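> The following block contains a protein sequence and its predicted model.
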Amino acid sequence: MDQLLDATARAEREHFWFRGFRRFVAPLLSRAVAGRTSPRILDCGCGTGNNLRLLREYGRPCGIDLTLSGLAYAKRQGERLVAQASALSLPFSDDAFDLVTSFDVIYAFDDERAATALKEMCRVLRPGGALVLNVAALPALRGNHSILGGEVQRYTRSGLRRHLEQAGFSVQRLTYTNFAILPLVAAVRFSQRLRQGRHELSDSEMTVPAPPVNLTLAGLLTLESYALRVVNMPLGSSLLTLAIKGSRELGGSRER
């Protein structure tokens, strides 16, 4: 996991995947905090702190992570509201936050622990508070990056919805993302299996591609982000959701 954090720290500012992710998640974050004054935000799995900088645009964020190297990196970047803790047992009182986020964390848990983590996230949210969650999608896309990231499972749309509802959430939006680059992702993962017959530890997928390639792929994800304003993607390498604690609906149409 430390290797993943090192690779992420190098790539998260420029890599096309992260640039696309920020475009995908921004509208959900805006919707989640709409009408709230200085909302309290918890990022479960804050890693190197990059997401905290993003979340600061929407409220008052703090973060937890298990990995000391990631927390140390975040502190070197000036983040102070970070602490070592597990999403399986959050060190906060009930109803403490307006928004909880978790980006590519619960894929490292089996079903039982994922259910526990989601219930903990629900517990620390105020009634009507929002969860914005991103997870790896489609089991067929397991590859080298799965080993590097400690991936235990990839989710389907129906499976993630079931976990959320069982934890006490009402799904407002649930969509696949990275549909625009899905053929590329699938080709890379399948070629790894053909060449190696097994998954090997490598951070090559976290390396920023050559500028023309990186810019082209970032452009494809930008176009997808515009499409996501009106439709859900039918498939993709990630699943992104906005859910709320309880049954109250947020502004805008409910999950399509």
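Looks like it came in fine.

> Where do the helices of the chain begin and end?
Secondary structure of the chain (DSSP state H): helices located at 2-11, 16-33, 50-55, 68-76, 111-124, 144-148, 157-167, 182-196, 211-227.

> is it true that Leu90 touches Ile64?
Yes: Leu90 lies in contact with Ile64 (CB atoms under 8 Å); the separation is 7.0 Å. No exception for glycine: its C-beta is placed from N, CA and C like everyone else's.

> Comparing the helices of the chain by mean pLDDT, which bottoms out?
For those, mean pLDDT drops lowest on helix 144-148, to a mean of 58.

> Just give the number of residues close to Asn51.
When counting by other CB atoms under 10 Å, one arrives at 25 neighbours for Asn51.

> Spatially nearest residue to it, not counting backbone neighbours?
Asp43 (5.4 Å; CB to CB, 6 or more residues apart in numbering).

> and the gap between that neighbour and Val82?
Look at Asp43 and Val82: by CB to CB, to the nearest Å, they are 9 Å apart.

> The two - which one has more neighbours?
More neighbours surround Asp43 than the other of Asp43 and Val82, with 25 against 22 (other CB under 10 Å).

> who's the more buried one bridged to?
Taking DSSP bridges, one finds Gly63, Thr101 as the beta-bridge partners of Asp43.

> got a list of what the closest residue to Arg36 other than its chain neighbours touches?
Excluding the flanking residues, the one nearest Arg36 by CB to CB, 6+ apart is Asp98, at 5.4 Å. Residues near Asp98 by CB atoms under 8 Å, 6 or more residues apart in numbering: 33, 36, 39-41, 59, 125-126, 129-130.

> if you set the cut-off to 10 Å instead, what comes out?
Asp98 makes contact with 32-33, 36-42, 58-60, 125-126, 128-130, according to CB atoms under 10 Å, 6 or more residues apart in numbering.

> Give me the buried entries from those.
32-33, 36, 39-42, 58-59, 125-126, 129-130 (16 or more other CB atoms under 10 Å).

> Out of the residues you listed, which comes closest to Leu240?
Leu240 lies nearest to Ala32 out of the buried ones among the contacts of Asp98, by CB to CB, at 12.1 Å.

> what sits against the closest one?
Here Ala32 is in contact with 25, 39, 41, 58-59, 98-101, 129-132, 172-173, 242-244, 250 (criterion: CB under 10 Å, 6+ apart).

> any chance of the helices of the chain in a markdown table, plus distance to Leu235?
Converted to a markdown table, the helices of the chain look like this (distance: least, CB to CB, whole Å):
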| stretch | distance to Leu235 |
| --- | --- |
| helix 2-11 | 24 |
| helix 16-33 | 15 |
| helix 50-55 | 25 |
| helix 68-76 | 30 |
| helix 111-124 | 21 |
| helix 144-148 | 18 |
| helix 157-167 | 9 |
| helix 182-196 | 6 |
| helix 211-227 | 12 |
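
> Those: which one's closest to Leu138?
Nearest to Leu138 among these is helix 182-196; the distance by CB to CB comes to 8.6 Å.

> now for that closest one, which elements pack on it?
Applying 3 or more CB pairs under 10 Å, 6 or more residues apart in numbering; DSSP states H and E, one finds that helix 182-196 makes contact with helix 144-148.

> And for the residue nearest to the spatial centre of the chain, nearest residue in space, chain neighbours not counted?
Centroid-nearest residue in the chain: Phe103, 2.1 Å away (criterion: CA atoms, centre = their mean). Excluding the flanking residues, the one nearest Phe103 by CB to CB, 6+ apart is Asn134, at 4.6 Å.

> Go ahead and confirm the one you found touches Asp104.
Yes: assessed by CB atoms under 10 Å, Asn134 is found in contact with Asp104 at 5.7 Å.

> any idea of the mean pLDDT for the lengthiest strand in the chain?
What stands out as the longest strand in the chain, according to DSSP state E, is strand 125-136. Taken as a whole, strand 125-136 has a mean pLDDT of 97.
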